[in-house]
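**Student:** Need a 3D model of the sequence below.
(one chain, ligands or ions: 1)
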Amino acid sequence: MAEVVVVPDAQAAGALVADTLVALIRRKADAVLGLATGSTPLATYRALAERVRAEQLDVSAVRGFALDEYVGLPAGHPESYRAVITREVVEPLGLNPRLVQVPSGDPATITHAGADYEAAIAAAGGIDLQILGIGRSGHIGFNEPGSSLASRTRIKTLTEATRIDNARFFASIEDVPTHCITQGIGTILAARHLVLLAFGDSKAAAVAAAVEGPVSASQPGSAIQLHPHVTVIVDAPAGSQLGQLAYYEHAWAHKPAWQGI
Ligand code: F6R
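**Tutor:** Model prediction:
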């Protein structure tokens, strides 16, 4: 089962994940990171950037793959995930931009962009640590309910709920693209360690379904139960619908520090 860790807030989660990422990069200088966008991982990226600076960590060989991208936004659009990853991850951490890939949402190449991305991930030797958020619909990446649990990177239609949630980044809902390209659930499950972050009570039902619900394509987050190394880090509101919360807290409190996450 997933390890569930309840933390006070996103900053505490960021510190915990940054510890693991620093250890990974020290162990493997060309570590391959799977990068979520959205609001959830921002504190983690900031914590990692701070550690990289403070410890003068060499990240020149670190590689990255974004989870997803909108289809059809003009190149350079500030809310394209390429732009977000550049602004929130590549620049603050000082990564080599040539080593950080985002699936292409260019309609001209969309028919083969998924297969190209899968080939690039395979050529990199797979993803070492995949950072995930979760949508209120239960999506991971942009794998909306109904996505095949074996899916690979491909084009998907966004649900209206997701477009409404993401309208906060755009001038209006009409400006939110209708389609995206996303790592599939099978792609995500192939990463060696999954770290799923969720904060706030709007995520409580999706977190409970992902961790404790039946494994179902109707709840894409539940696919994490098929993975041997998953860490779910939540604040108290996001964890509030978990039935086994007392056990998770007991297990975390008694875990030897050397084990990390
Ligand atoms: C982002 C992604 C999505 C988000 C999810 C939560 O790359 O794949 O699954 O993680 O929509 O978004 P936030 O973090 O903005 O609540």
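**Student:** Quick one: low-confidence residue ranges for the stretch 151-261 of the chain.
**Tutor:** For the stretch 151-261 of the chain, no stretch has pLDDT under 70.
**Student:** ranges for the helices of it?
**Tutor:** Residue ranges of the helices in the stretch 151-261 of the chain, as given by DSSP state H, counting those that start in this stretch, are 160-166, 185-189, 204-212, 245-253.
**Student:** would CSV of these with mean neighbour count and distance to Gly14 be doable?
**Tutor:** (C-beta placed from N, C-alpha, C; glycine too.) CSV is the format used below for the helices of the stretch 151-261 of the chain (neighbours: other C-beta atoms under 10 Å; distance: least, C-beta to C-beta, whole Å):
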stretch, mean neighbour count, distance to Gly14
helix 160-166, 16, 22
helix 185-189, 23, 21
helix 204-212, 22, 18
helix 245-253, 13, 17
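**Student:** Quick one, which of those gets closest to the ligand.
**Tutor:** The ligand lies closest to helix 160-166 among the helices of the stretch 151-261 of the chain, at 6.5 Å (C-beta to the nearest ligand atom).
**Student:** So which of the helices of the stretch 151-261 of the chain is nearest Arg87?
**Tutor:** Within the helices of the stretch 151-261 of the chain, the stretch nearest Arg87 is helix 160-166; the backing value is 16.4 Å (C-beta to C-beta).
**Student:** list the contacts for whichever residue of the stretch 101-250 of the chain sits closest to the ligand?
**Tutor:** Nearest to the ligand in the stretch 101-250 of the chain, going by C-beta to the nearest ligand atom, is Gly133, at a distance of 2.4 Å. By C-beta atoms under 8 Å, 6 or more residues apart in numbering, the residues touching Gly133 are 36, 38-41, 140, 196-198.
**Student:** go with 7 Å
**Tutor:** 36, 38, 40-41, 197-198 (C-beta atoms under 7 Å, 6 or more residues apart in numbering).
**Student:** Check it and give its pLDDT.
**Tutor:** If you check Gly133, the pLDDT there is 98.
**Student:** List the buried residues of stretch 15-26.
**Tutor:** 15-18, 20-22, 24-25 (16 or more other C-beta atoms under 10 Å).
**Student:** Alright, calling it a day.
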